[in-house]
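S.K.: Output the structure for:
(one chain, ligands or ions: 5)
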Amino acid sequence: LFTEIFANEKTLIEQRLSQLITEHPSLPYADLFTAARYSLLPSAKRIRPLLLLATLQAFGLPAEIGIDPACSIEMIHTYSLIHDDLPCMDNDDYRRGQPSLHKAFSESHALLTGDFLLTYAFEVLSQAPKLSDRQKIALVQTLAEYAGSNGMIGGQVIDLLSESQTIDWPTLELMHDLKTASLITASLEFGAIIADVSSDDRAILQSMGKKIGIAFQIIDDLLDVTSSFSEMGKLAGSDEHNKKATATSILGILPSCNKIKDLCSEIEKELKLLSRPAPILSSLIKQLTHFRLLKPQHPKS
Ligand code: IPE
Ligand code: IPE
Ligand code: MG
Ligand code: MG
Ligand code: MG
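M.R.: Ligands and ions are numbered 1, 2, ... in the order given. So this is what the prediction gives:
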């Protein structure tokens, strides 16, 4: 499903990830590179890197200039999944169609591999070719902010604190915004920084990122109760088991589907406000906000 649009770009990203982290069999810590590749390289959607490259495409820039920044975001995302799966977090034994890193290696290895990917992402970003120093500093700052306390990490803290709690929709929305929309927004903002877009376009991309991210996390919550290992590459039912506050536990399935629909129509309107047509970005967003329950289910009223 996710391979059809921008398939070449996806291959470019995966090839570059594999180049950036190679095996080092002669090093005493060779396992670190093996473990990083184990988590980074299996089949995944790569939506964040693809959103970045699709933004560049809309503003007339070639993919090449965005590849390393895109890889740095995918590294941060992968580190977040490794840590998210740890027994002290969601305690999930499968990820990307295979045993989670702490199952295949060990908890301590999973912790350190996450640390490595987090740190290395910024090294890659600081050395990204063909960008000005001003752009690289802006990218480093943007990624640090979206991945940090007021971004993804803050969202993960709300997620943990909300286990077994009844939270309201605004709190859940804030959690989704921080834990999931942060890196998606960072991806679009990366495109804005690299393509040097106007402040108007940048504001639109930012607003779209938030909505795409929230819709994407609602879908992830829905899939946890409606999907399967073969579709997701991770085990379903984890959220219920952990008593997580999710879109389905707080809102229910049908209202969650309606939220997605509302967000999608707002995103579509915003896309049209951009100063350039963005057909690939538009198709990507449609694909990643598509949920099979959207079609067959309608409100009864
Ligand atoms: C999973 O992210 C975690 C969420 C933020 C929902 P993805 O659904 O993008 O996972 P991969 O990268 O394809 O494995
Ligand atoms: C993931 O949320 C958010 C992250 C920042 C990793 P989930 O915990 O719902 O993601 P999955 O379902 O394990 O992929
Ligand atoms: Mg989680
Ligand atoms: Mg999880
Ligand atoms: Mg989930």
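
S.K.: Can you check the pLDDT for the residue in the stretch 101-250 of the chain positioned nearest to ligand 1?
M.R.: Taking CB to the nearest ligand atom, ligand 1 has its nearest neighbour within the stretch 101-250 of the chain at residue 220, 3.6 Å off. Quick note: C-beta positions are derived from backbone N, CA and C, even for glycine. For residue 220, the model assigns a pLDDT of 97.

S.K.: Equivalent analysis for residue 3, please.
M.R.: The per-residue pLDDT of residue 3 was computed as 51.

S.K.: so where's the stretch 101-250 of the chain uncertain?
M.R.: The model of the stretch 101-250 of the chain has no residue with pLDDT under 70.

S.K.: Start from the N-terminal end of it and give the helices.
M.R.: 101-104, 107-126, 133-147, 152-161, 169-176, 182-194, 199-226, 229-232, 238-241, 247-250 (DSSP state H, counting those that start in this stretch).

S.K.: What is the third one packed up against?
M.R.: When you say that, I think you mean helix 133-147. Helices and strands touching helix 133-147, by 3 or more CB pairs under 8 Å, 6 or more residues apart in numbering; DSSP states H and E, are helix 67-85, helix 107-126, helix 182-194.

S.K.: mind checking which of the helices of the stretch 101-250 of the chain is nearest residue 29?
M.R.: helix 107-126 (9.0 Å; CB to CB).

S.K.: at contact distance from ligand 1, anything in the closest one?
M.R.: No - using CB under 6 Å from any ligand atom, helix 107-126 never reaches ligand 1; the gap is at least 12.8 Å.

S.K.: That helix vs helix 182-194, what angle?
M.R.: Interaxial angle, helix 107-126 versus helix 182-194 (axes from the mean of the first three to the mean of the last three CA atoms, to 10 degrees): 20 degrees.

S.K.: how about helix 107-126: buried residues?
M.R.: Going by neighbour count (16 or more other CB atoms under 10 Å), the buried part of helix 107-126 is 109-114, 116-118, 120-122, 124-125.

S.K.: which one of those sits closest to ligand 2?
M.R.: Nearest to ligand 2 among the buried residues of helix 107-126, with distances taken as CB to the nearest ligand atom, is residue 114, at 10.7 Å.

S.K.: And the contacts of stretch 54-65?
M.R.: 6, 9, 12, 53, 66, 129-131, 187-188, 190-192, 194-195, 197, 201, 205, 274, 276-281, 284 (CB atoms under 8 Å, 6 or more residues apart in numbering).

S.K.: before we move on, back to that, from memory the residue of the stretch 101-250 of the chain closest to ligand 1 sits against residue 181, does it?
M.R.: No - with contacts counted by CB atoms under 8 Å, residue 220 stays clear of residue 181, the gap being 11.8 Å.

S.K.: of these two, who's got more company?
M.R.: A direct count of neighbours by other CB atoms under 10 Å for residue 220 and residue 181 places residue 181 higher, at 27 against 18.

S.K.: Now do the same contact list for the more buried one.
M.R.: 209, 210, 211, 212, 213, 214, 216, 217.

S.K.: By proximity to ligand 3, which residue of the stretch 201-301 of the chain wins?
M.R.: As assessed by CB to the ion, ligand 3 sits closest to residue 244 within the stretch 201-301 of the chain, at 7.3 Å.

S.K.: Next to ligand 2, which bits of the stretch 51-200 of the chain? Give me the list.
M.R.: Contact residues (CB under 6 Å from any ligand atom) of the stretch 51-200 of the chain with ligand 2: 80, 81, 84, 90, 92, 152, 156, 179, 180.

S.K.: Check those residues and tell me the two furthest apart.
M.R.: The most distant members of those, if one measures by CB to CB, are 92 and 152, lying 17.3 Å apart.

S.K.: Have a look at these two and say which one is more surrounded.
M.R.: residue 152 (22 against 19).

S.K.: Check whether the more buried one really touches residue 178, as I assumed.
M.R.: Yes - in this structure, residue 152 is within contact of residue 178 by CB under 8 Å, at 6.5 Å.

S.K.: elements contacting whichever strand or helix holds residue 36?
M.R.: Applying DSSP states H and E as the criterion places residue 36 in helix 30-40. In terms of contacts (3+ CB pairs under 8 Å, 6+ apart), helix 30-40 is packed against helix 67-85, helix 101-104, helix 107-126.
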